[in-house]
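Chemist: Predicted model and sequence below, questions to follow.
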There are 2 protein chains.
Amino acid sequence: MKGRIYTEDTPKKVGEKVRLIGWVESVRDHGKITFIDLRDRTGIVQCVAQGVDRISVESVVSIEGLVKKRPQNLVNEKISTGEVEIEVEKLEIVSKSDEMPFPLSTDGLEIDEGIRLKYRYLDLRRRRMAQNLRIRFKTLQFIRNWLEARGFVEIETPILTKTTPEGARDFLVPSRLQPGKFYALPQSPQQYKQLLMVAGFEKYFQIARCFRDEDPRADRAYGEFTQLDIEMSFVDQDDILELTEELFCDLVKDIFPNKRINKRPWPRVSHKEAMEKYGSDKPDLRENKNDPDELAFCWVVDFPLFNRQTKEDFFYGSGKSEWAPSHHMFTAPHPDDISLLDKDPGKVRGLQHDLVLNGFEVGGGSIRIHQSEIQSKVFDLIGFTEEQKREFEHMLTAFRYGVPPHGGIAPGIDRFLMVVLGEPSVREVMAFPMTSNGTTAVLDAPSVPDKRQLRELKIEVKC
Amino acid sequence: MKGRIYTEDTPKKVGEKVRLIGWVESVRDHGKITFIDLRDRTGIVQCVAQGVDRISVESVVSIEGLVKKRPQNLVNEKISTGEVEIEVEKLEIVSKSDEMPFPLSTDGLEIDEGIRLKYRYLDLRRRRMAQNLRIRFKTLQFIRNWLEARGFVEIETPILTKTTPEGARDFLVPSRLQPGKFYALPQSPQQYKQLLMVAGFEKYFQIARCFRDEDPRADRAYGEFTQLDIEMSFVDQDDILELTEELFCDLVKDIFPNKRINKRPWPRVSHKEAMEKYGSDKPDLRENKNDPDELAFCWVVDFPLFNRQTKEDFFYGSGKSEWAPSHHMFTAPHPDDISLLDKDPGKVRGLQHDLVLNGFEVGGGSIRIHQSEIQSKVFDLIGFTEEQKREFEHMLTAFRYGVPPHGGIAPGIDRFLMVVLGEPSVREVMAFPMTSNGTTAVLDAPSVPDKRQLRELKIEVKC
C-alpha cells in the first residue's frame, strides 16, 4: 500500500497526515467519539474517530488521519506511541472480522489448547505468541551469525532418508519408485553430520528439523522438533563444551539481557554425582527456584556408555543383547576404558555430555567413534545381527578413507526457548505444533488419502 | 587439538614452529625428500619431509614443523600460502586412507554420478563441491540478514502436514496414532504462510524444505528441494517484484561479484508475449549466451488464471472440470477480470509472476485470493466436489477473521545456485541429493522396514 506508515513511526509524524493499515485491537464507543487501537506488526496506536459505524474487533482497517500530540495527562506510557493519537479523517474496512472464538487480550494459557490450535492463526495474534516467534527468529539469527563468524558452515541434510536408531520410533514414507520400500524421516542428522566430517568440512552446523514418533510431553512436541546440530573435527570434549558455553552466554546476553546466568564456568557434574547428590541426571542448580530470571546451566558428563537393554531399546535401534547404547551407538568410549569393552562393558564410560538448564535437558552430544574396529565392537555389544550391521556398512566404509576425530552437540531449540521464556510447554514457542493425538494445527491432518494414492504406493491399510 | 593452526595462517608464521592437521592432498616422492600438500578447511600448504614412509593420499595427518619462506623462484602463486612451506619435523598418521574410488583432483563431472553419490563424503572433498556448499551457505546467510534488516521474520512451518495441491504428487506418511490416516509432506508451505498473514506477521520468510514425488530432471532434484519462501501483507504485485529484484541484485553484488546482471530494472514480459516472441514461458534474455558471467533476469506476468485441465491436474489437486489452476488455486484473478470468472474463465488473467534467469524458471509467486467468495468460486471452477472443498474449509474460515490482502514469491535455492554457478545439475549444489531412481546418497534408502513397524502402522505392502 503506497504511502502507508507503521504505527511505531507515528510519534515522528506529529502534525502530519498519515495512512495506517492494520487490525482493530479494541474499540471503545464514547457516544459520538470512538477510540480505536490499531495494531500492525510494529505495535499499536490510538485512533480517534467521529461518527463511524460499529467496527468489529480484529477487522482489518485502513485509516487516514492527522497525528496529534496528546495532552500530557493523557499520555499512555505503556505503549511506545502513547504520546500521540490519530485524528481519523477516513476509515475504510478492508476485511471485516467475525467474532473471535476466544479473547486475544489474555496470555491464552487458560483456553483449551485444542481450540487454540484449531484457530492458531488467531492465537498467534496474541502479543505473547507473536513475541515468542519473533524471539525465536532472533535467537536463530544470532546463532547462525555467531557460528558463521567462527568458520562454521550450515549444510542442509536430507529429510527423506534412512533410519538412524536414536532410541525412538521412526516415521516411515513409502517409496513409489521402489514399491515395498520406505524412507525414514531423520530422528537427527547424526550419520550425515559425521559423513560431513569425513568430507572435511571440520565445522558444521544446521538448524535441523528432527522427527520422532513418540508420545508428546510438555517439554516434547509430538512429531517434529528443531535442533541446533553442531559437529566439529579435531576437537576433544572440552572444546565442544567451551564453544557451547560461549555461544549460549553470548546469546543470553544479546537476546535475553534480563536473564542472569548464575555461574560461570558452568558446573560439570558426573552422571554418578548427579544421581547420588541430586537424584536426577538433569539437576536443577538454580539458587532460587522462584527467580524467573535465573538461568542455571550445567554439564552432565561421564555417563556409562551402555545401559541394560530394555524391550524398547531392542525395538528401536539395538539388536538383542544385554546392552543398549546410553546415548547412541556412535558415541566413543572413554579412551582409558577401551580395554573394559571386552571385560566389563557396563563399566565403560562414554564421552557423552548433556546440557542441562534449570532442570531440563536442553542438549546432548558426544565425541564419536571414528575407528571401524571400535564401531564394529559396539555393534556386537548391542547385539547387532550381521544384517543390522550391514545397514551401517557405509559408516565403516567411510572410516577407511581418512577420518578426522570428531564430535558435537545438539541443543534443542524448542526446549531451550521454552525454559528461557518461562513457558509451560514447547508448543508455546512453535508456530503450528500438533495436538497430543498427532493432529496438525489448523489443517486437519492426518487424513484418509485417495485410494489411488495408496494403489500407486502399493500399500494397503489394515484396520 | 591444542595449538593447531590452519594452513591459511602459515604465511604469518614464518620462522615459527607450528602444528597443522588435515588431509594429504598429494604426495610427490623425490628420493629422500617427500613433498606433501596438506589440506584443511581453509586451504592447502606445501610440507617438505625427509625420510618418511609411504603415505597414502587423503590420509589424515598431524604435522609439526618450521614455517619457511620459499625462494622467490619457487613461490606458487596459485595458492594463498604459496610463498611458504613447512619443514616437517614430526609427522603422525592420524587416520590412514584406502585408495580413493575416484580421483578428487578433477571437477568430477566425468565420473558416474551413482558412484559419486555412493561416496559423497569423498566427492565433497573435491574443491568445486566444497566451494559450492560454502557459497550456498553464504547465499542463505545473506538472504536471511537482508530480510531481517527489512523487518521480515523467519517462521518454521510443519513438515508433517496435510496435502496442499500444487500440481505434483505428495509423499505420504502413515500415522501410528490414527491408523489408516496419513500425513503429507508439504509441496510448499503455501497454506501456512497465508495463515501467518492472517495471524498478522505481515512480512514472513522461510528457507523451506519442500517435497514432490515427481520425476527428477537436471534442474529438479528427486524428492526434496529448498525454496526461499516470502510472503507479505498489504502489498501489490509491484511491491513483490521490486523487493525480489533488489534482494537478488544485492545478493549477486555481494556473493557473486564477477557476475554481471545485464539489465535493470529487470524486463517484464507478459505470458502472451513470451510465448509469441520467444516460444517459451521462460525466455533466455542473455545478450551473449557464451558469456558465463552474464545473468539475464526477467519477469513473466499476466498468465492466464486457468489452463485446460489434463488428467494429471485432476489427479494432483483439481476436481473434475474443464479448468485447472495455471499457478495454484490460491492465486488471485486480476481485479479487472473478476466479472469474466462467470462468463469466460479462460480469459481471466491471474496475478501470477514467474522469475526467470537465463532461461530457467527460478521462482514463482502471486497475489493470493483473500476473499472467501472468490476462493469458493475458484474451487467451483476447478471442479471441486463438496468433499474436496471441505478439505480447505479452514482457509475460508480464516478469511472470515480480518484478513490482509497478501502475496509472495518462492525462488528455488537449488536452481538459482545451479544457474549462477554454471553447474549442469541442481545435484551439484546439494550435499546429499538422491539418485534419479530415488535412492539416497551414501545411505541405502528406501529400504524394507521391519515387519513390526508396518504392523504398528497397520499397513501392508501389496507387491
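Modeler: Good, I have the coordinates.

Chemist: rest of the way, CA atoms for contacts and neighbours
Modeler: Noted.

Chemist: What residues does the stretch 251-400 of chain A have near chain B?
Modeler: Within reach of chain B by C-alpha under 8 Å from any C-alpha of the partner chain, the stretch 251-400 of chain A has these residues: A:391, A:394, A:398, A:400.

Chemist: Throw the residues you listed into CSV and include neighbour count, pLDDT and secondary structure, thanks.
Modeler: As requested, these are exported to CSV (neighbours: other C-alpha atoms under 10 Å in any protein chain shown; pLDDT from 0 to 100; DSSP: H, G, I helix; E, B strand; the rest coil):
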residue, neighbour count, pLDDT, secondary structure
A:Glu391, 16, 88, coil
A:His394, 17, 95, helix
A:Ala398, 24, 97, helix
A:Arg400, 19, 97, coil
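
Chemist: wait, which of the residues you listed is closest to A:Thr163?
Modeler: A:Glu391 (9.2 Å; C-alpha to C-alpha).

Chemist: For A:Phe384, see how far away that closest one is.
Modeler: 10 Å (C-alpha to C-alpha, to the nearest Å).

Chemist: same thing with A:Lys343?
Modeler: The value you get for A:Lys343 to A:Phe384, if C-alpha to C-alpha is used, is 19 Å.

Chemist: And those two? Which one has more around it.
Modeler: A:Phe384 (20 against 10; other C-alpha atoms under 10 Å in any protein chain shown).

Chemist: The more buried one and A:Gly319 touch, don't they?
Modeler: Yes: A:Phe384 is within contact range of A:Gly319, at 4.3 Å (criterion: C-alpha atoms under 8 Å).

Chemist: who touches the helix or strand in which A:Ile44 is found?
Modeler: If you go by DSSP states H and E, A:Ile44 is part of strand A:43-50. Outside strand A:43-50, the residues that touch it by C-alpha atoms under 8 Å, 6 or more residues apart in numbering or on different chains are A:7-8, A:10, A:32-39, A:79-82, A:84-89.

Chemist: The following helix or strand past it and chain B in contact?
Modeler: Next along the chain after strand A:43-50, taking DSSP H and E as the criterion, comes strand A:60-69. Yes: with C-alpha under 8 Å from any C-alpha as the criterion, chain B is reached by strand A:60-69 at A:Val60.

Chemist: Ok, stretch A:191-205 next?
Modeler: Yes: contact between stretch A:191-205 and chain B is present through A:195-196, A:198-202 (criterion: C-alpha under 8 Å from any C-alpha).

Chemist: Likewise for stretch A:453-463?
Modeler: Yes: looking at stretch A:453-463 against chain B by C-alpha under 8 Å from any C-alpha, the contacts come from A:458-463.

Chemist: and those residues, which are buried?
Modeler: Among the residues of stretch A:453-463 next to chain B, the ones that count as buried by 16 or more other C-alpha atoms under 10 Å in any protein chain shown are A:458-459.

Chemist: Distance to B:Arg120 and pLDDT added to the residues of stretch A:453-463 next to chain B, as CSV?
Modeler: Putting those into CSV (distance: C-alpha to C-alpha, whole Å; pLDDT from 0 to 100) gives the following:
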residue, distance to B:Arg120, pLDDT
A:Lys458, 31, 95
A:Ile459, 32, 95
A:Glu460, 35, 94
A:Val461, 37, 94
A:Lys462, 39, 89
A:Cys463, 41, 80
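
Chemist: Which ones among the residues of stretch A:453-463 next to chain B lie within strands?
Modeler: Within those, residues falling in strands by DSSP state E are A:459-461.

Chemist: tell me the SS of A:Leu109?
Modeler: Here A:Leu109 is coil, with the state taken from DSSP: H, G, I helix; E, B strand; the rest coil.

Chemist: got the contact list for A:Arg415?
Modeler: A:219-220, A:362, A:426.

Chemist: Tell me which of these fall in strands.
Modeler: A:Val362.

Chemist: Quick one: which of the contacts of A:Arg415 is the most crowded by neighbours?
Modeler: A:Val362 (24 neighbours).

Chemist: any idea how far chain B is from that residue?
Modeler: Per C-alpha to the nearest C-alpha, to the nearest Å, A:Val362 is found 19 Å from chain B.

Chemist: do the same with A:Gly108
Modeler: 15 Å.
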